[in-house]
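**Q** coords please:
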Amino acid sequence: SDVEMQDPEFLDLDVPKQNAFKGLWSTLPGYFVVGPPGVGKTKLATEVVRRRFVSDRSSRLLVSAQGHDALDNLQEKIKETLAANALNDLLVVRSATGEKRPTNDDEVQKVGLGYIADLDSSNMAKSAPAPLRERLSVLHKAAQRREAEKNALSKEQRSDLGAVANLVLDAANIVISTANSPDIERLVEARAQFDWVLVEEAAKATGPELVGPLMLSGRRLLIGDHNQLPPLDAERLLKVF
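**A** Just a heads-up that it's a prediction; the model follows:
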(Lines give C-alpha, C1' and ligand atoms only; values in the text may rest on other atoms or scores of the structure.)
Protein backbone atom coordinates (compact mmCIF):
# COMPACT_ATOMS: atom_id res chain seq x y z
CA SER A 1 0.00 0.00 0.00
CA ASP A 2 1.05 3.62 -0.50
CA VAL A 3 2.77 5.40 2.33
CA GLU A 4 0.34 7.76 4.06
CA MET A 5 1.89 11.20 3.52
CA GLN A 6 0.05 12.72 6.49
CA ASP A 7 1.25 10.05 8.89
CA PRO A 8 3.09 11.90 11.73
CA GLU A 9 5.85 9.31 11.85
CA PHE A 10 6.44 9.61 8.12
CA LEU A 11 6.46 13.40 8.27
CA ASP A 12 9.00 13.18 11.10
CA LEU A 13 11.52 11.70 8.66
CA ASP A 14 13.74 14.04 6.64
CA VAL A 15 13.30 14.12 2.85
CA PRO A 16 16.02 11.52 2.01
CA LYS A 17 14.53 9.10 4.53
CA GLN A 18 11.00 9.75 3.23
CA ASN A 19 12.16 8.94 -0.30
CA ALA A 20 13.97 5.82 0.89
CA PHE A 21 10.95 4.71 2.87
CA LYS A 22 8.57 5.16 -0.06
CA GLY A 23 10.97 3.13 -2.18
CA LEU A 24 11.41 0.24 0.24
CA TRP A 25 7.69 0.09 1.04
CA SER A 26 6.68 -0.20 -2.60
CA THR A 27 9.53 -2.33 -4.03
CA LEU A 28 9.55 -6.13 -4.30
CA PRO A 29 11.25 -8.45 -3.66
CA GLY A 30 14.23 -6.64 -2.15
CA TYR A 31 15.40 -3.14 -1.35
CA PHE A 32 18.88 -1.98 -0.36
CA VAL A 33 19.61 0.96 1.94
CA VAL A 34 23.31 1.86 1.81
CA GLY A 35 25.04 4.56 3.79
CA PRO A 36 27.62 5.34 6.47
CA PRO A 37 26.88 5.19 10.22
CA GLY A 38 24.59 7.89 11.56
CA VAL A 39 22.45 8.58 8.49
CA GLY A 40 19.35 6.90 9.91
CA LYS A 41 19.35 3.38 8.44
CA THR A 42 18.25 1.85 11.74
CA LYS A 43 15.49 4.47 12.01
CA LEU A 44 14.10 3.29 8.68
CA ALA A 45 14.22 -0.33 9.85
CA THR A 46 12.33 0.40 13.07
CA GLU A 47 9.75 2.42 11.13
CA VAL A 48 9.13 -0.61 8.91
CA VAL A 49 8.54 -2.68 12.04
CA ARG A 50 6.24 -0.08 13.62
CA ARG A 51 4.16 0.49 10.52
CA ARG A 52 3.77 -3.20 9.77
CA PHE A 53 2.42 -4.06 13.21
CA VAL A 54 0.23 -0.97 13.52
CA SER A 55 -1.59 -2.13 10.39
CA ASP A 56 -1.51 -5.89 11.14
CA ARG A 57 -0.75 -7.33 14.58
CA SER A 58 -0.52 -10.85 13.14
CA SER A 59 2.52 -10.00 10.99
CA ARG A 60 5.79 -11.93 11.27
CA LEU A 61 9.21 -10.36 10.80
CA LEU A 62 12.68 -11.86 10.81
CA VAL A 63 15.49 -9.52 11.84
CA SER A 64 18.93 -10.87 10.99
CA ALA A 65 22.60 -9.92 10.78
CA GLN A 66 25.95 -11.66 10.58
CA GLY A 67 27.01 -10.71 14.11
CA HIS A 68 25.44 -10.18 17.50
CA ASP A 69 26.54 -6.58 18.03
CA ALA A 70 24.37 -5.30 15.18
CA LEU A 71 21.45 -7.39 16.42
CA ASP A 72 21.83 -6.17 20.00
CA ASN A 73 21.52 -2.55 18.88
CA LEU A 74 18.62 -3.15 16.49
CA GLN A 75 16.77 -5.32 19.02
CA GLU A 76 16.98 -2.52 21.59
CA LYS A 77 15.66 0.04 19.10
CA ILE A 78 12.83 -2.23 17.99
CA LYS A 79 11.71 -2.85 21.57
CA GLU A 80 11.80 0.90 22.27
CA THR A 81 9.67 1.52 19.19
CA LEU A 82 7.15 -1.17 20.12
CA ALA A 83 6.85 0.18 23.67
CA ALA A 84 6.37 3.76 22.44
CA ASN A 85 3.50 2.60 20.22
CA ALA A 86 1.72 0.38 22.77
CA LEU A 87 2.70 -2.80 20.92
CA ASN A 88 3.93 -4.59 24.03
CA ASP A 89 1.74 -7.64 23.44
CA LEU A 90 3.83 -8.80 20.49
CA LEU A 91 6.03 -11.85 20.98
CA VAL A 92 9.66 -10.93 20.28
CA VAL A 93 12.29 -13.65 20.71
CA ARG A 94 16.03 -13.84 20.21
CA SER A 95 16.97 -17.02 18.41
CA ALA A 96 19.24 -19.71 19.78
CA THR A 97 22.93 -19.64 18.97
CA GLY A 98 25.72 -22.14 19.05
CA GLU A 99 27.95 -19.63 20.81
CA LYS A 100 28.13 -19.14 24.57
CA ARG A 101 26.46 -15.79 25.21
CA PRO A 102 25.49 -15.03 28.83
CA THR A 103 22.92 -12.47 27.63
CA ASN A 104 21.23 -14.98 25.34
CA ASP A 105 20.99 -18.36 27.07
CA ASP A 106 18.55 -19.75 24.53
CA GLU A 107 15.82 -17.15 24.94
CA VAL A 108 13.35 -19.15 22.84
CA GLN A 109 13.64 -22.06 25.28
CA LYS A 110 13.14 -19.74 28.24
CA VAL A 111 9.94 -18.30 26.75
CA GLY A 112 8.71 -21.83 26.12
CA LEU A 113 9.43 -22.85 29.72
CA GLY A 114 7.39 -19.89 30.93
CA TYR A 115 4.44 -20.94 28.79
CA ILE A 116 4.67 -24.50 30.12
CA ALA A 117 4.55 -23.24 33.71
CA ASP A 118 1.57 -20.96 32.99
CA LEU A 119 -0.31 -23.70 31.19
CA ASP A 120 0.32 -26.28 33.93
CA SER A 121 -1.22 -23.97 36.56
CA SER A 122 -4.15 -22.85 34.38
CA ASN A 123 -7.80 -23.81 34.81
CA MET A 124 -7.73 -25.33 31.35
CA ALA A 125 -5.04 -27.79 32.43
CA LYS A 126 -6.90 -28.63 35.63
CA SER A 127 -10.01 -29.55 33.64
CA ALA A 128 -8.10 -31.50 30.97
CA PRO A 129 -8.32 -35.31 30.71
CA ALA A 130 -6.08 -37.12 33.18
CA PRO A 131 -3.50 -38.43 30.63
CA LEU A 132 -3.04 -34.97 29.15
CA ARG A 133 -2.83 -33.39 32.60
CA GLU A 134 -0.18 -35.91 33.65
CA ARG A 135 1.84 -35.36 30.46
CA LEU A 136 1.81 -31.61 31.05
CA SER A 137 2.85 -32.05 34.67
CA VAL A 138 5.79 -34.24 33.61
CA LEU A 139 6.80 -31.66 31.00
CA HIS A 140 6.64 -28.87 33.60
CA LYS A 141 8.85 -30.84 35.99
CA ALA A 142 11.31 -31.45 33.14
CA ALA A 143 11.33 -27.72 32.44
CA GLN A 144 12.13 -26.99 36.08
CA ARG A 145 14.93 -29.57 36.02
CA ARG A 146 16.33 -28.02 32.85
CA GLU A 147 16.58 -24.68 34.61
CA ALA A 148 18.46 -26.30 37.49
CA GLU A 149 20.49 -28.96 35.71
CA LYS A 150 20.19 -29.32 31.94
CA ASN A 151 22.20 -32.57 31.78
CA ALA A 152 19.74 -34.30 34.11
CA LEU A 153 17.09 -34.52 31.39
CA SER A 154 16.46 -37.63 29.33
CA LYS A 155 16.64 -37.59 25.55
CA GLU A 156 12.82 -37.70 25.34
CA GLN A 157 12.46 -34.79 27.77
CA ARG A 158 14.95 -32.69 25.82
CA SER A 159 13.04 -33.52 22.65
CA ASP A 160 9.72 -32.46 24.19
CA LEU A 161 11.16 -29.15 25.41
CA GLY A 162 12.76 -28.61 22.02
CA ALA A 163 9.37 -29.09 20.39
CA VAL A 164 7.90 -26.40 22.64
CA ALA A 165 10.75 -24.07 21.72
CA ASN A 166 10.03 -24.69 18.03
CA LEU A 167 6.39 -23.77 18.61
CA VAL A 168 7.49 -20.49 20.20
CA LEU A 169 9.76 -19.78 17.25
CA ASP A 170 6.93 -20.50 14.81
CA ALA A 171 4.49 -18.29 16.72
CA ALA A 172 6.74 -15.28 17.39
CA ASN A 173 5.84 -11.99 15.75
CA ILE A 174 9.49 -10.97 15.56
CA VAL A 175 12.39 -13.43 15.43
CA ILE A 176 15.84 -11.90 15.91
CA SER A 177 18.63 -14.16 14.76
CA THR A 178 22.14 -14.26 13.40
CA ALA A 179 22.26 -15.38 9.77
CA ASN A 180 24.06 -18.65 10.60
CA SER A 181 21.89 -19.65 13.57
CA PRO A 182 20.67 -23.28 13.60
CA ASP A 183 17.16 -21.88 14.04
CA ILE A 184 17.42 -20.25 10.62
CA GLU A 185 18.32 -23.63 9.16
CA ARG A 186 15.32 -25.23 10.86
CA LEU A 187 12.96 -22.51 9.63
CA VAL A 188 14.22 -22.97 6.08
CA GLU A 189 13.76 -26.74 6.30
CA ALA A 190 10.21 -26.18 7.62
CA ARG A 191 9.56 -23.76 4.73
CA ALA A 192 8.54 -21.05 7.17
CA GLN A 193 7.66 -17.65 5.76
CA PHE A 194 7.83 -14.14 7.19
CA ASP A 195 6.13 -10.99 5.92
CA TRP A 196 9.47 -9.15 5.96
CA VAL A 197 13.11 -10.07 6.42
CA LEU A 198 15.34 -7.23 7.64
CA VAL A 199 19.08 -7.77 7.38
CA GLU A 200 21.25 -5.32 9.32
CA GLU A 201 24.89 -4.71 8.30
CA ALA A 202 24.27 -6.84 5.24
CA ALA A 203 27.59 -5.81 3.69
CA LYS A 204 29.45 -7.75 6.40
CA ALA A 205 27.76 -11.02 5.48
CA THR A 206 28.94 -13.37 2.77
CA GLY A 207 26.59 -14.78 0.17
CA PRO A 208 26.16 -18.19 1.84
CA GLU A 209 25.35 -16.47 5.14
CA LEU A 210 22.57 -14.46 3.52
CA VAL A 211 20.93 -17.35 1.69
CA GLY A 212 19.04 -18.70 4.73
CA PRO A 213 17.39 -15.45 5.89
CA LEU A 214 16.56 -14.33 2.35
CA MET A 215 14.78 -17.63 1.63
CA LEU A 216 12.32 -16.94 4.45
CA SER A 217 10.42 -14.09 2.83
CA GLY A 218 9.49 -12.62 -0.52
CA ARG A 219 10.00 -9.15 0.89
CA ARG A 220 13.48 -8.15 2.04
CA LEU A 221 15.18 -5.03 3.31
CA LEU A 222 18.98 -5.13 3.39
CA ILE A 223 20.78 -2.36 5.25
CA GLY A 224 24.51 -1.79 5.13
CA ASP A 225 27.58 0.37 4.76
CA HIS A 226 29.55 -0.11 1.52
CA ASN A 227 32.76 0.46 3.51
CA GLN A 228 32.04 -2.70 5.52
CA LEU A 229 32.46 -5.13 2.63
CA PRO A 230 34.28 -8.27 3.82
CA PRO A 231 37.81 -8.90 2.46
CA LEU A 232 37.08 -11.78 0.08
CA ASP A 233 40.01 -14.25 -0.27
CA ALA A 234 42.28 -11.82 1.57
CA GLU A 235 44.69 -14.54 2.74
CA ARG A 236 44.99 -16.04 -0.74
CA LEU A 237 45.71 -12.64 -2.28
CA LEU A 238 48.41 -11.93 0.29
CA LYS A 239 50.16 -15.16 -0.68
CA VAL A 240 49.97 -14.23 -4.36
CA PHE A 241 51.53 -10.81 -3.84
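**Q** the closest residue to residue 140 other than its chain neighbours: how many residues sit nearby?
**A** Leaving out its chain neighbours, the residue that sits closest to residue 140 by C-beta to C-beta, 6 or more residues apart in numbering is residue 120, at 4.1 Å. Glycine gets a C-beta too; all of them are placed from N, C-alpha and C. A count of neighbours around residue 120, defined by other C-beta atoms under 10 Å, yields 18.
**Q** how many neighbours does residue 113 have?
**A** With other C-beta under 10 Å as criterion, residue 113 counts 22.
**Q** buried ones in the helix or strand where it lies?
**A** Using DSSP states H and E, residue 113 sits in helix 107-120. Of all the residues in helix 107-120, those buried under the rule 16 or more other C-beta atoms under 10 Å are 107-113, 116, 120.
**Q** coming back round to it: wait, the residue nearest to residue 140 sits on residue 137?
**A** Yes - here residue 120 reaches residue 137: they are 6.2 Å apart, a contact under C-beta atoms under 8 Å.
**Q** lowest-pLDDT helix or strand in this protein?
**A** helix 234-240 (a mean of 54; mean pLDDT, DSSP states H and E).
**Q** and residue 36, how far from residue 199?
**A** 18 Å (C-beta to C-beta, to the nearest Å).
**Q** neighbour-wise, which of these two wins?
**A** Taking neighbours as other C-beta under 10 Å, residue 36 and residue 199 compare with residue 199 leading, 27 against 10.
**Q** the more buried one belongs to a helix?
**A** No - assessed with DSSP: H, G, I helix; E, B strand; the rest coil, residue 199 is strand; it does not lie in a helix.
**Q** and the helices in the chain?
**A** Assigned by DSSP state H, the chain shows helices spanning 8-11, 15-26, 41-55, 68-84, 107-120, 123-126, 130-148, 155-171, 182-189, 207-215, 234-240.
**Q** comparing those helices by mean pLDDT, which bottoms out?
**A** The minimum mean pLDDT among the helices of the chain belongs to helix 234-240 (a mean of 54).
**Q** got the contact list for the closest residue to residue 185 other than its chain neighbours?
**A** Using C-beta to C-beta, 6+ apart and skipping the chain neighbours, the partner closest in space to residue 185 is residue 212 (6.4 Å). Contact analysis of residue 212 by C-beta atoms under 8 Å, 6 or more residues apart in numbering lists 179-180, 184-185, 187-188.
**Q** quick one, phi/psi of residue 57?
**A** Note on residue 57: backbone dihedrals following degrees, to the nearest 10 are phi -70, psi -20.
**Q** ok, now which ones touch it?
**A** 87, 89-90, 173.
**Q** which of these are buried?
**A** Counted by 16+ other C-beta under 10 Å, those give 87, 90, 173 as buried.
**Q** ok, of those, which one's closest to residue 61?
**A** residue 173 (7.0 Å; C-beta to C-beta).
**Q** ok, back up a step: make TSV out of the contacts of residue 57 and add distance to residue 59 and pLDDT.
**A** Shown next, in TSV, are the contacts of residue 57 (distance: C-beta to C-beta, whole Å; pLDDT from 0 to 100):
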residue	distance to residue 59	pLDDT
87	11	91
89	13	89
90	9	92
173	7	94
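**Q** same list, those, but as TSV with distance to residue 224 please.
**A** As requested, the contacts of residue 57 are exported to TSV (distance: C-beta to C-beta, whole Å):
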residue	distance to residue 224
87	26
89	32
90	26
173	25
